[in-house]
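J.: Quick check, what structure comes out for this input:
(one chain, ligands or ions: 1)
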Amino acid sequence: MEIKGKIVVITGASSGIGEAAARMLAGLGAKVVLGARRPERLESIAAGIVKDGGEAVFAVTDVKRREDLSNLVKLAVEQYGRVDVIINNAGIARLSRIDELDIEAWEEMIDINLKGVLYGIAAVVPEFKKQGYGQVINIISTSGIKIVPLQGVYAGTKNAVRTISEAFRQESKGAYRITGISPGMIRTELTEGITDPAMRSAMQEHVSAVAISADAIASAVVFAIGQPSDVEVGDIVVRPAAQD
Ligand code: NDP
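T.: Below you'll find the predicted structure:
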């Protein structure tokens with residue numbers, strides 16, 4: 001596995017899957033550049049990595065703001081000289097019936113889950129062009145594969161990312177490596193963002209019955225990054241064995 005020395009930018013690194021990937025990659029010798037909105041979380045995760053002998057820096061990053069992503073990538077280049085990988089992981093799940101018309105939630109999911117990924121790609125591509133290589137890992141979802149009620153807009157943003165990832169993969173013809181990872185139910189803070197209290201507790205009950213650890217997704221990230229430069233891992237689905 002070629003992880004040691006890789007420069008990896010991670011969005012949504014302040015909890016859940018992003019945090020688990022940061023810790024696992026740093027433990028294997030990657031230099032991680034962490035972005036999210038909560039500075040105190042980022043600071044404590046970066047400090048923990050450094051205390052354990054790893055390398056990590058962070059910048060407060062809202063993926064709704066294109067300049068924040070540019071600054072995050074700039075931090076990687078200033079600090080470590082280049083960027084090898086971006087993990088577009090930041091995401092929210094504000095689930096509701098479509099006929100409830102929670103338009104503000106639709107817009108927020110589109111801005112973060114879809115446009116945030118595009119802004120991440122836009123931030124790294126100029127560096128990848130200079131370097132002649134680079135890797136994009138997009139965290140998608142099984143909810144984009146098995147369509148269920150209440151997740152329509154969330155799954156729509158995730159399936160848009162799946163489509164964009166595949167087109168980008170075909171266009172890049174080996175110049176860049178593009179990986180999509182679709183987690184199933186993972187034990188994280190994601191369900192806390194569900195605004196409707198009844199739906200939140202129903203979802204949390206369901207998740208706690210079958211969900212698996214974020215380390216399962218971090219391991220898939222490590223697998224995708226660790227392949228030789230001529231090997232691209234296209235799509236990975238990682239879900240609880242007990243998930244429908
Ligand atoms: P968490 O809620 O634990 O993590 C989400 C992360 O995204 C946090 O670090 C949060 O940090 C960050 N984030 C949210 N909004 C923004 C923003 N505007 N700008 C920057 N960062 C933001 O959930 P998960 O770890 O589960 O989620 C990670 C990804 O995995 C998401 O894309 C999610 O859709 C996907 N996923 C999760 C599944 C699960 O079962 N948990 C299943 C399938 C996919 P902060 O608030 O500090 O900004």
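J.: confidence score at the nearest residue to residue 39 once chain neighbours are set aside?
T.: Once flanking residues are discounted, residue 39 sits nearest to residue 60: 5.1 Å by CB to CB, 6 or more residues apart in numbering. The C-beta positions use only the backbone N, C-alpha and C, and glycine is treated the same way. Residue 60 carries a pLDDT value of 98.
J.: Counting neighbours, what do you get for residue 60?
T.: As a burial measure, the neighbour count of residue 60 was computed by other CB atoms under 10 Å and equals 16.
J.: show me the contacts for residue 157.
T.: Residue 157 sits next to 109, 110, 113, 114 when contact means CB atoms under 8 Å, 6 or more residues apart in numbering.
J.: Confirm for me that the last one is in contact with residue 159.
T.: Spelled out, it's residue 114. No. With contact taken as CB atoms under 8 Å, residue 114 and residue 159 are classed as non-touching, separated by 9.7 Å.
J.: rewinding a little: for the residue nearest to residue 39, which residues make a bridge with it?
T.: Listed beta-bridge partners, residue 60: residue 36 (assigned using DSSP bridges).
J.: picking up where we left off before, give me the buried subset of the contacts of residue 157.
T.: 109, 113, 114 (16 or more other CB atoms under 10 Å).
J.: which SS class is the second one?
T.: Meaning residue 113. Under DSSP: H, G, I helix; E, B strand; the rest coil, the three-state class of residue 113 is helix.
J.: Without its sequence neighbours, what residue ends up closest to it?
T.: The spatial neighbour of residue 113 that comes closest, neighbours along the chain excluded (CB to CB, 6+ apart), is residue 157 at 3.8 Å.
J.: residues from the chain in reach of the ligand?
T.: By the criterion of CB under 6 Å from any ligand atom, the positions of the chain lying close to the ligand are 11-18, 36-38, 41, 61-64, 89-93, 112, 139, 141, 183, 185-186, 188-190.
J.: Let's check: the centremost residue of this protein is which one?
T.: Taking CA atoms, centre = their mean as the criterion, residue 89 is the residue nearest the geometric centre of the chain, at 1.2 Å.
J.: Tell me how far that residue lies from residue 182.
T.: With distances taken as CB to CB, to the nearest Å, residue 89 is found 12 Å from residue 182.
J.: Please apply the same query to residue 92.
T.: Distance from residue 92 to residue 182, counting by CB to CB: 17 Å.
J.: Who has more neighbours out of these two?
T.: Neighbours were tallied for residue 92 and for residue 182 using other CB under 10 Å; the higher tally belongs to residue 182 (22 against 19).
J.: Please name the residues that touch the residue nearest to residue 131 when sequence neighbours are not counted.
T.: Spatially, and ignoring its direct neighbours in sequence, residue 131 is nearest to residue 82 (5.8 Å; CB to CB, 6+ apart). Going by CB under 8 Å, 6+ apart, residue 82 touches 7, 76, 127, 131.
J.: got it, and residue 91?
T.: So residue 91 contacts 12, 112, 113, 116, 139, 141, 190 (CB under 8 Å, 6+ apart).
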